[in-house]
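Asks: need coordinates for the following:
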Amino acid sequence: MDPETAGGAAERHLIRYSGKAAFTSEVIARAAGTSVFTESGRELLDFTSGQMSAILGHSHPAIVATVREQVAHLDHLHSGMLSRPVIDLTRRLAESLPDPLEKALLLTTGAEANEAAVRMAKLVTGRHEIVSFARSWHGMTQAAANATYSAGRKGYGPAAPGNFALPVPDRFHPEIVDADGSLDWRRQLDMGFDLIDAQSVGSLAACLVEPILSSGGVIELPPGYLAALARKCRERDMLLILDEAQTGLCRTGDWYAFEYEGVVPDILTLSKTLGAGLPLAAVLTSAEIEQRAHDLGFLFFTTHVSDPLPAAVGNAVLDVLVRDHLDKRARDLGAALRGGLDELATRHEVVGDVRGRGLLLGVELAGDQVLGEGGADRLGAAVTRRCFDLGLHMNIVQLPGMGGIFRIAPPLTASDDEIARGVAILDQALTDAVRGL
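Replies: As a prediction, the model looks like this:
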């Protein structure tokens, strides 16, 4: 089938599942390392790691070999049966984490992991109210979607009762400021929980948050914020659930982003990066919480819980992360990428902010200030298109009133030259897009 025919077939038969966002204009034929290749033969640097997942790049030899061997040996079992890959992966994940996180449940997607975590929290606390950030993204299934505020809430009927939004501590768009005009996150957090307490019916179960909001605009929590949030939870006997779908397993330069602040959650969810592009997720918690949940009959029995094939892939991912010291690699590459982006900000008036940690960075466009109302949206779309034309796939987050934020997350296996090439393409795309508007 030629590319034009393939595109026509897609228009006729694919349900459009991305809201107002369009599919890419070319069909992808294959991928390797940091690049994807179109049916027309074009190469695109993939600065989104697939769906923020392929931390080892595409078609990594260790993953390819593991899938080939495991699928021919043991792929899927009855969910009540255990296999060696599952036992090994749960042990190794526990060993990679601080106490008391030692019990693991292996699932498929981030939404499913958050679903299980919220379900467990409700069961062990005997309560039902869940707090999340006002620009959160935790998934599109029931409990996960109810805790998601950045998109997808309108038009689907009533949300489940007991879900509350907490203001986002965004230093670039501070909602509450101190005498110096800087974000006063402590007062913002206090006021946020004052409102939650006023609305609560006395059934606060858990707070589900990302340590760095990704789809919410790559917002790194201010130093001290996560510890303060944990105290708010303890004061109310709530559980703290951290969603590290996009920040876990070395992407931010630490094995887990929460380690940066030294705050250990009651429940941790992993997904995207754990499978390095394949469907694998995990929920991790303490033996005490797991025992309490078990005593109460915790039920999350799904078709693909504890599947051996993705578990084997997860073990291969851990092997490569440890062998190649990819936590340090993420710090080094992230510093190089951040330096390149900061330099762009000095030369492009439309770059308003550069932020993030390791290889999860954000570039916010200030198009409205430079180009007038709606300028950021127009500029973001134009830069994205021009990057694609020049050979770079970028993901832009569009949030009401904020313009466009590029979410930049290359694979941890990218080369220094690929990082430099991506920055150079973004530089050219910014120049061309501004000139064309």
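Asks: for residue 400, give me the pLDDT.
Replies: Residue 400 carries a pLDDT value of 59.
Asks: with the one 4 residues further on instead?
Replies: Among the per-residue scores, residue 404 shows a pLDDT of 84.
Asks: what about the residue nearest to residue 43 when sequence neighbours are not counted, neighbour count?
Replies: Spatially, and ignoring its direct neighbours in sequence, residue 43 is nearest to residue 35 (5.1 Å; C-beta to C-beta, 6 or more residues apart in numbering). The way it works is simple: take the backbone N, C-alpha and C, and place the C-beta from them, glycine included. Applying other C-beta atoms under 10 Å, we find 19 residues neighbouring residue 35.
Asks: same check, this time on residue 184
Replies: 19.
Asks: ok so residue 433 is a helix residue?
Replies: Yes. Secondary structure of residue 433 (DSSP: H, G, I helix; E, B strand; the rest coil): part of a helix.
Asks: that one: what's it in contact with?
Replies: 379, 382, 383, 385, 386 (C-beta atoms under 8 Å, 6 or more residues apart in numbering).
Asks: quick one: which of these sit in helices?
Replies: 379, 382, 383, 385, 386 (DSSP state H).
Asks: which phi and psi values does the residue nearest to residue 43 adopt?
Replies: Here is the backbone geometry of residue 35 (degrees, to the nearest 10): phi -120, psi 150.
Asks: next one: the one 4 residues further on
Replies: Reported as degrees, to the nearest 10, the phi and psi values for residue 39 are phi -60, psi -20.
Asks: next one, pLDDT for it please.
Replies: Model confidence at residue 39, given as pLDDT, is 93.
Asks: and if you look at the one 5 residues further on?
Replies: According to the predicted model, the pLDDT of residue 44 comes to 97.
Asks: identify each buried residue in the helix or strand hosting it, please.
Replies: Residue 44 is part of strand 43-46 when elements are defined by DSSP states H and E. Buried residues in strand 43-46, counted by 16 or more other C-beta atoms under 10 Å: 44, 45, 46.
Asks: please apply the same query to stretch 62-73.
Replies: 62, 63, 66, 67, 70.
Asks: distance check, the first one against residue 356.
Replies: Here the criterion is C-beta to C-beta, to the nearest Å. By it, residue 62 lies 27 Å from residue 356.
Asks: with the third one instead?
Replies: Residue 66 sits 30 Å away from residue 356, taking C-beta to C-beta as the criterion.
Asks: got it, and the second one?
Replies: According to C-beta to C-beta, residue 63 stands 26 Å off from residue 356.
Asks: what kind of secondary structure is the most centrally placed residue in the chain in?
Replies: Nearest residue to the geometric centre of the chain (C-alpha atoms, centre = their mean): residue 246, 3.0 Å. With three-state DSSP as the basis, residue 246 sits in coil.
Asks: show the contacting residues for it.
Replies: By C-beta under 8 Å, 6+ apart, the neighbours of residue 246 are 52, 210, 212, 214, 272, 273, 360, 409.
Asks: and with 10 Å instead?
Replies: Residues near residue 246 by C-beta atoms under 10 Å, 6 or more residues apart in numbering: 49, 51-53, 55, 110, 137, 210-215, 218, 252, 257, 270-273, 360, 407, 409.
Asks: repeat that for residue 421.
Replies: 34, 45, 390, 391, 392, 414, 415.
Asks: which of those fall in strands?
Replies: Those of the contacts of residue 421 mapping onto strands are 45, 392, per DSSP state E.
Asks: report the buried members of the contacts of residue 421.
Replies: 34, 45, 390, 392, 414.
Asks: what about the residue nearest to the third one when sequence neighbours are not counted, neighbour count?
Replies: Using C-beta to C-beta, 6+ apart and skipping residues adjacent in sequence, the residue nearest residue 390 is residue 425, 4.7 Å away. Residue 425 sits with 21 neighbouring residues when counted by other C-beta under 10 Å.
Asks: doesn't residue 384 make contact with residue 425?
Replies: No. Between residue 425 and residue 384 there is no contact, the gap being 11.7 Å when judged by C-beta atoms under 10 Å.
Asks: mind showing which ranges of the stretch 251-400 of the chain have poor pLDDT?
Replies: 367-370, 398-400 (pLDDT under 70).
Asks: need the strands for the stretch 301-437 of the chain, in chain order.
Replies: 351-357, 360-365, 392-393, 395-399, 403-408 (DSSP state E, counting those that start in this stretch).
Asks: tell me which of these sits nearest to residue 27.
Replies: strand 392-393 (13.5 Å; C-beta to C-beta).
Asks: direction included, what does the closest one pair up with?
Replies: strand 43-46 (parallel) (DSSP bridges).
Asks: one step back: need the residues touching each of residue 425 and residue 384.
Replies: Going by C-beta under 10 Å, 6+ apart, residues that sit against residue 425 and also against residue 384 are 392, 394.
Asks: looking at the contacts of residue 433, which one is closest to residue 326?
Replies: Using C-beta to C-beta, these come closest to residue 326 at residue 383, 29.1 Å.
Asks: excluding covalently adjacent residues, which one is nearest to that closest one?
Replies: Closest to residue 383 by C-beta to C-beta, 6+ apart is residue 433, at 4.5 Å.
Asks: report the separation between that neighbour and residue 286.
Replies: 49 Å.
Asks: residues near residue 317, how many?
Replies: Residue 317: 27 neighbours (other C-beta under 10 Å).
Asks: hang on, it packs against residue 67?
Replies: No. The pair residue 317 / residue 67 is not scored as a contact, 11.8 Å apart, by C-beta under 10 Å.
Asks: next, show the common contact partners of these two.
Replies: Common neighbours of residue 317 and residue 67 (C-beta under 10 Å, 6+ apart) are residue 278.
Asks: relative to the whole chain's centre, how far out is stretch 188-208?
Replies: 24 Å (C-alpha atoms, centre = their mean, to the nearest Å).
Asks: same question, stretch 419-430
Replies: 23 Å.
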